[in-house]
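Colleague: Fold the stuff below for me.
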Amino acid sequence: MRLISLSAVLPVALLALSACKSDYDVIPEPEHETIPLDTAAPAAGPVAVCSVDNDRVRPIHENTVFRGNESYDADGLEIVGWEWRLVESPSGSVAQIGAGVGAAGAALSDRTFTADMAGTYVAELTVMNEQFVMSEPCTVAIDAIPDGDLWVEMYWDATGEDMDLHLLRENAGYVSAGDCYYANCVGGLEWDQPGSADNPSLDLDDIPGMGPENINMSMPSSDYYTVVVHDYPGSSRTAATNVTVKVFLGGALMFEDTRSISGEDSYNHFARIDWLTQTVTPL
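Modeller: Numbering: from 1, shown residues only. Have a look, this model is predicted:
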């Protein structure tokens, strides 16, 4: 038997193992396809942006403008439609958002508005782009606050009825010079002190609808006033009608009451105003 020296074989074995390891190390990794990630934000479409020129107005006497001219489309498309509507208004109000103002484009986006009663009004705007995609709505609010010292409002809940608001100074009789109502109080009625500050004014007189009607004074000079509602005879409705009266002193609501009135040509006393103590007493 021939013996082989381990020292002679070992270097050859190590050399072979080294060659195998070297061959394994250079085996290329399999190639993987690179998939790009989509990082672009989804299209946002049209965006309604609404504002108002003046968010505190005097009802009837002062208007404002709702504006939607800053609305846009996130994809650069043209805004071609603006839809305005009132979503909140005081009970009894019949005010509507008016016509457009300004240039041709602004006439569609910007609208005039005049409050007819004291309280909060909320307008909503929705816009549409040239592909007829509608935006989510935006809203803007205004507060209509009487700036006169004495402000009286009335409205009722049925058509075909004609209710008339009267404000009497102390000890005055109906339909007299001391009674502010539709026949004598639309300018020209002179009360107490010289000048117009303490003269009453009937701003709204409604016949075919449900009101509102309004009487106001800038600086009352009498001690007491009485608020009366007259069921004017001759209207087509003869059933009972719910009538609401509100009295504001210095812009603050001091009295509100709703009563059922029936009986043509009846005079219904609602409240007595004590100007000296700034109180209103139901009658």
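
Colleague: Tell me the pLDDT of the nearest residue to residue 101 once chain neighbours are set aside.
Modeller: Among residues not flanking residue 101 along the chain, residue 110 sits closest, at 5.1 Å (C-beta to C-beta, 6 or more residues apart in numbering). Using the backbone N, CA and C atoms, a C-beta is placed for each residue, glycine as well. You'll see residue 110 listed with a pLDDT of 94.

Colleague: just checking, residue 110 touches residue 64?
Modeller: No. Using C-beta atoms under 8 Å as the test, residue 110 is too far from residue 64 to be in contact (10.7 Å).

Colleague: Can you give the domain ranges for this structure?
Modeller: The chain breaks down by automatic domain parsing into domains covering 46-144, 150-282.

Colleague: For residue 228, give me its contacts.
Modeller: 165, 166, 167, 168, 174, 267, 268, 269, 270 (C-beta atoms under 8 Å, 6 or more residues apart in numbering).

Colleague: can you give me phi and psi for the fifth one?
Modeller: The phi and psi values for residue 174, taken as degrees, to the nearest 10, are phi -60, psi 150.

Colleague: Equivalent analysis for residue 72, please.
Modeller: The phi/psi pair for residue 72 (degrees, to the nearest 10) is phi -150, psi 170.

Colleague: So what pairs up with it in the strands?
Modeller: residue 47 (DSSP bridges).

Colleague: Quick one: mean pLDDT over stretch 119-133.
Modeller: 96.

Colleague: buried set for it?
Modeller: 119, 121, 123, 124, 125, 126, 127, 128, 129 (16 or more other C-beta atoms under 10 Å).

Colleague: can you pull out the strands in the stretch 101-250 of the chain?
Modeller: Using DSSP state E, counting those that start in this stretch, the strands of the stretch 101-250 of the chain run over 110-114, 119-129, 138-144, 150-156, 163-169, 179-180, 201-204, 213-217, 224-231, 241-249.

Colleague: Name the strands paired with the third one and say parallel or antiparallel.
Modeller: Strand 138-144 has the following strand partners under DSSP bridges: strand 56-57 (parallel), strand 119-129 (antiparallel).
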